[in-house]
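J.: turn this into a structure:
(one chain, ligands or ions: 1)
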Amino acid sequence: MDASSSRSDWWKTGVVYQVYPRSFADSNADGLGDLAGIIEHLDHLDGAGPGSLGIDAIWLSPIYPSPDFDFGYDVSDYVGVDLRYGTLADFERLVAACHGRGIKVILDLVLNHSSHLHPWFQASRSGRTGPYADWYIWADSPGRTLLGRPRPPNNWRSWFGGSAWQWDDGRGQFYLHGFMPEQPDLNWRNPDVRKALLDVVRTWLGRGVDGFRLDVFNLYLKDAALRSNPRRIGRRGAWSWQRHVNDRNQPELEDLLIEIRGLVDAEPGRMTVGELFDSSIGHGAAYSAPHHLVFDFLFTTVPWSAAAFRAAIATREAAFGPKRWPANVLSNHDQPRHASRNDVSGGSGVGGVGDARAKVAAAMLLTLRGTAFLYYGEEIAQRNLVVPNAEAFDPPARRAGLFFRWWNRDQARGPMAWRPEPGGGFTTGKPWLPLPPDVDVRNVAAQSQDAESVLSYYRRALRLRREMPALNSGAQEPVEPGDPDVVAYVRRTEGQAALILLNFASRPAAVRVPAAAAGGTWRVSLSTHPRGPDEALGGSATLAPLEALIAAQA
Ligand code: GLC
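T.: Predicted structure coming up:
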């Protein structure tokens, strides 16, 4: 049996590693990462040796042909591979290499919108009749503005600034784009579109992928009558001046999700994770199902404070309840990297306070109830790049200004720092984005040599998570730690318990240790700080500054 199919509960117990292919590893010196580069670095990821992370799956951000108006999130061929990343044969090699090591492969499906250069849109915009005429969301203008321009059909906004409607002279109509005008929204209500997009799902499943990340899945369906969103006042930015009830989260979505899940679940061991776009955590919980996770992004915006994280964890647990399974993520290609977010001094170096916080964050990510998602580079606490908006590649950053605020997503997409050499081990050419400025001291090779590095900690914590059912599948109970700067909880399965104590403060913290179950003792399994082997914890313990401690009940 293929090693990769031996654990069908990996969607729940596992850890998924997000690769942003453009920035991970470049095998052909063109400055862009590629599939062959990923294959060359599988030793870093898989669980076979002590020098590897030991993740369960990789999620690849889009690898399809794209004119890059949103760096792959504008797809011009859903079943092809962008030549800059390789060929379909390279992709098949990657899948085989991953499966041979027991690593699952998840693709990023961008099915809410395509590229404006997709042949479907080209055909659709060519006229109001013809087989593709209704493949996108076209609408007439209800009249003229005071300036004499066509008025958009309703008040829906683009997430990337301005109206969500773009006038098309050819058709004399508007088309809808929830993101860039170069990303027209597909019309999922058209049965031909639905069939074509579900065929995309079938095609990639047929090529052996183990699941999908579904980009902005809760936007697939909009109000059929295209009614405006109700207005609301008193908030910052035009986006928030309306309640987004008609441009997302429509009741008919449930039926579509059931159909997608049916395709994916036809073989055991496959999964999806849906990207919940700008909606409440209640929606996130409601859309989740066994084998089908939802990213709610709760933890990506929480400031560095134990109280804030305790509250976020309680919110999450209340929304999901004990039966639904959350997805935990601290960083991704859209958000600032958490190692930078949490490094208040803005640039403490290797081994400094920022790295100590990164370890606490890692301990939390890998021990909270839920499937954990790592973003490439976070295992070395890679920091944000500093790219001024004027030099940004990120399309909304280029549009940003006084009336449209945006953070530059290039900052989180910097080339992976592998080795202390020109090109950082990422490329021998000119990297598409600058290398992180600290690449010479912060890289995979250097951190592999250092037992106290963030990378060494990730490796140990990942191993412990794999070995301990309480950590990868247990129920979770909050613990009152007796110190406001500490987050504490217990994970428990029938036969095992783990206690997690996280000191968010840069001072020692005296904590109350909850009683272990009858006759048992908590013994330290892993700490970010020196502790005696199997040290037993009594009724109270002192945590070192920024110590993350995981204890198991013997
Ligand atoms: C998702 C992606 C983001 C992209 C957007 C539009 O939010 O994560 O990178 O810009 O969808 O596809």
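J.: tell me the residues of this protein that contact the ligand?
T.: Residues of the chain found near the ligand (CB under 6 Å from any ligand atom) are 70, 73, 110, 179, 215-216, 275, 333-334. All C-beta spots, glycine's among them, are computed from the backbone N, C-alpha and C.
J.: those in helices, which ones?
T.: Under the assignment DSSP state H, these contribute nothing to helices.
J.: can you pick the most crowded of those residues?
T.: V110 (27 neighbours; other CB atoms under 10 Å).
J.: that residue: what's it in contact with?
T.: 62, 64, 72-75, 215 (CB atoms under 8 Å, 6 or more residues apart in numbering).
J.: got a list of what the nearest residue to S158 once chain neighbours are set aside touches?
T.: Leaving aside its sequence neighbours, S158 sits nearest to A164 (CB to CB, 6 or more residues apart in numbering; 4.6 Å). With contacts defined as CB under 8 Å, 6+ apart, A164 is in contact with 152, 156-158, 176-178, 247.
J.: so which of those is the closest to the ligand?
T.: Nearest to the ligand out of the contacts of A164 is G178 (CB to the nearest ligand atom; 7.6 Å).
J.: quick one, what contacts that closest one?
T.: G178 sits in contact with 112-113, 156, 158-159, 164, 185, 216, 219, 247, where contact means CB under 8 Å, 6+ apart.
J.: give me the most central residue, this protein.
T.: Centroid-nearest residue in the chain: N332, 4.6 Å away (criterion: CA atoms, centre = their mean).
J.: find the nearest non-adjacent residue to it, please.
T.: Closest to N332 by CB to CB, 6+ apart is Y375, at 5.3 Å.
J.: and the one you found, what does it touch?
T.: So Y375 contacts 18, 20, 329-333, 337, 412 (CB under 8 Å, 6+ apart).
J.: nearest to L526, of the residues you listed?
T.: L330 (18.7 Å; CB to CB).
J.: how many residues are close by the closest one?
T.: L330 has 24 nearby residues by other CB under 10 Å.
J.: hmm, it is touching F299, no?
T.: Yes - the pair L330 / F299 is scored as a contact, 5.7 Å apart, by CB atoms under 8 Å.
J.: give me the common contacts of the two.
T.: L365.
J.: one step back: where neighbours are concerned, which of the contacts of V110 has the most?
T.: That'd be V75 among the contacts of V110, by other CB under 10 Å, with 28 neighbours.
J.: touching the lowest-mean-pLDDT helix or strand in the chain from outside, list them.
T.: Within the chain, no helix or strand scores below helix 395-399, which has a mean of 85 by mean pLDDT, DSSP states H and E. Helix 395-399 is contacted from outside by 69-70, 159-161, 180, 389, 392, 404, 406-410, using CB under 8 Å, 6+ apart.
J.: measure stretch 322-340 end to end?
T.: This stretch, stretch 322-340, spans 32 Å end to end (CA to CA, to the nearest Å).
J.: do a quick rundown of the helices in the stretch 301-450 of the chain.
T.: For the stretch 301-450 of the chain, the helices defined by DSSP state H, counting those that start in this stretch occupy 306-320, 338-341, 353-367, 395-399, 444-448.
J.: other SSEs contacting the second one?
T.: Identification of packing neighbours for helix 338-341 by 3 or more CB pairs under 8 Å, 6 or more residues apart in numbering; DSSP states H and E yields helix 353-367.
J.: now the helix it packs on, how far from the chain's geometric center?
T.: Offset of helix 353-367 from its chain centre (CA atoms, centre = their mean, to the nearest Å): 17 Å.
J.: now it against helix 306-320, angle please.
T.: 20 degrees (axes from the mean of the first three to the mean of the last three CA atoms, to 10 degrees).
J.: re the thing from before, contacting residues around the residue nearest to the centre of the chain?
T.: So N332 contacts 18, 300, 373, 375, 412 (CB under 8 Å, 6+ apart).
J.: which pair of the residues you listed spans the longest distance?
T.: F373 and A412 (13.8 Å).
J.: what sits against whatever residue of the stretch 351-500 of the chain ends up closest to the ligand?
T.: Here the residue of the stretch 351-500 of the chain nearest the ligand is R409; by CB to the nearest ligand atom that distance is 6.9 Å. For R409, the contact set (CB under 8 Å, 6+ apart) comprises 333-334, 394, 396-397.
J.: next one: T371
T.: Counting by CB under 8 Å, 6+ apart, T371 has contacts 11-16, 273, 293, 325-328.
J.: tell me the bridge partners for it.
T.: Beta bridges link T371 to A327 when assigned by DSSP bridges.
J.: that one and S279, how far apart?
T.: 19 Å (CB to CB, to the nearest Å).
J.: swap in D82?
T.: 30 Å.
J.: more neighbours, these two?
T.: It is D82, of D82 and S279, that has more neighbours when counted by other CB under 10 Å, with 23 against 17.
J.: would you agree that one is in contact with P67?
T.: No - D82 lies out of contact with P67 (CB under 8 Å); the separation is 9.9 Å.
J.: among the contacts of G178, who's most crowded?
T.: Counting by other CB under 10 Å, top hit in these: H113 with 28 neighbours.
J.: give me the element the residue nearest to that one when sequence neighbours are not counted is part of.
T.: In this structure, H113 finds its nearest non-sequential neighbour in Q183, 4.3 Å apart by CB to CB, 6+ apart. Assigned by DSSP states H and E, Q183 belongs to no helix or strand.
J.: how is the protein carved up into domains?
T.: The chain breaks down by automatic domain parsing into domains covering 4-112+190-461, 115-185, 475-553.
J.: M468 is nearest to which of those?
T.: domain 475-553 (6.0 Å).
J.: which single residue of the stretch 51-200 of the chain ends up nearest the ligand?
T.: Counting by CB to the nearest ligand atom, the stretch 51-200 of the chain gets nearest to the ligand through Y73 (3.4 Å).
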